[in-house]
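Chemist: When you get a sec, could you give me coordinates for this:
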Amino acid sequence: MRKAVWTLAGSRSGAGRTIASQLGFTCAAVAVAVAVWALWEGWRPAPPRPAATPVVDNPIIHIPRAGLIIWVTAGSDEDVVPRVEALHRGGVTAVALQATPLALAQAMGRLRAAFARRVLIGAAGVRTAEEARVALGGGAEFVLTTSADPEVIQVCRDARVLAIPGAFTPTEIRQAWSLQTGLVALFPAGRVGPEYVRDILRTMPDIAAVAMGGITPENAGAFIRAGTAAVVAMDEPDAGGARDYDAMTRRAHALVDAIDRARARPLRPALPVRPIEGPDIK
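Modeler: So this is what the prediction gives:
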C-alpha cells in the first residue's frame, strides 16, 4: 500500500517537473522568436516627439534674433497675405506693413489672423500719433518710423508696443535712444554704408540699432558685421504684370542667408516653393 502511494506521489512530482520544464522551454522559445523578429524587422525605439514650432511673439527679443524685417508697401489689403506667405517661405518672420490708414487696419487684421505666432506683423512709415493709433488699433506688434517723434513713441509706450524710430546723425541717434525705445533704426543706412554704421556704434556701444534703407542681399551681411542687431529691407515692387511670388521667396531667402553667413551660423536650407495655400480671411 505504501509503495503504491509513493509511486503515485512520485509520478505526480515527475509530471509537475515535466510541465514546469515545458513552460520554461516555451517561454524561452517565445523570447527567442521575439528577438529574432525584432532583428528581422529592424525594430527601433519610438522616435522622440518633434520639438514644438518656434513661437514668434516678443518683438524686442525676436527681431534681433531673426536679424531681418521686411518693409511691405501695400496699396490694398487684397494681396498682402500671399505676399507675406511668399516671404515667410523664404525664412522671414518679421514684416512691417505700410498702407493708407483706411487699408492698414484691415490688412493688418488679415495678416494677424493668417500668421498668428508665426510672423511678427508691424506697421511701417508711421509719421504721426494718429497714424500710430490706427496701427495699434489694427493690432500692430511693433511700429517702425523714419524719424524720432516723441509723441508717436509715447503713444506706442502707452500701448506697451515696441517703437523703432529712425535717426541718422549721432545727435539724432542719441536722442532717439534716450526715449527708451529698445531699438533705433539708422536711416538711410544704404546711403552711407556699413563703415558709417560701424563708426557710429563704436562711439555708442550701448545702443541697439537696426540698419534701414538701401538694404540688399549683397550688403545685408556687411551691416550685420558692422554691429547692427538687424536690418530692414524693402519689399521690391514688381515692374508690372503679375506678381512673382517665387522671386520674392528667393530674395527673402538670399537676405536670410546673408545674415546667417554674417553671424557665422549654419545656413538654413532653401524652402520648397509651393502654391499659396492660406486661409480665406475675408
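Chemist: tell me how far the host helix or strand of residue 175 is from the chain's mean position?
Modeler: Using DSSP states H and E, residue 175 falls within helix 170-178. Mean-position distance between helix 170-178 and its chain equals 29 Å (CA atoms, centre = their mean, to the nearest Å).
Chemist: So which bits of it are buried?
Modeler: Along helix 170-178, the positions that meet the burial threshold by neighbour count (16 or more other CB atoms under 10 Å) are 172, 173, 174, 176, 177. Every C-beta, even on glycine, is put in place using the N, C-alpha and C of the backbone.
Chemist: Include pLDDT when you put those into CSV, please.
Modeler: Formatted as CSV, the entries for the buried residues of helix 170-178 read as follows, by pLDDT from 0 to 100:
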residue, pLDDT
172, 94
173, 94
174, 93
176, 93
177, 93
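Chemist: can you count the residues close to residue 166?
Modeler: Using other CB atoms under 10 Å as the criterion, residue 166 is surrounded by 24 other residues.
Chemist: again, but for residue 113
Modeler: Burial measure for residue 113: 14 neighbouring residues, criterion other CB under 10 Å.
Chemist: Phi and psi next, for it.
Modeler: In this entry, residue 113 is assigned phi and psi values of phi -70, psi -40 (degrees, to the nearest 10).
Chemist: Report the separation between it and residue 205.
Modeler: 40 Å (CB to CB, to the nearest Å).
Chemist: What ranges in this protein fall below the confidence cut-off?
Modeler: Low-confidence segments of the chain (pLDDT under 70): 1-56, 76-78, 237-242, 265-282.
Chemist: I'd like to know how far the residue nearest the centre of it sits from residue 203.
Modeler: Using CA atoms, centre = their mean, the residue of the chain that lies closest to the mean C-alpha position is residue 93, 4.1 Å off. When distance is defined by CB to CB, residue 93 is 31 Å away from residue 203.
Chemist: Pretty sure the residue nearest to the centre of the chain sits against residue 122.
Modeler: No: proximity of residue 93 to residue 122 does not meet the contact threshold set by CB atoms under 8 Å, at 11.6 Å.
Chemist: ok but residue 70 is inside a helix, no?
Modeler: No: following the definition DSSP: H, G, I helix; E, B strand; the rest coil, residue 70 is strand and is not counted among the residues of a helix.
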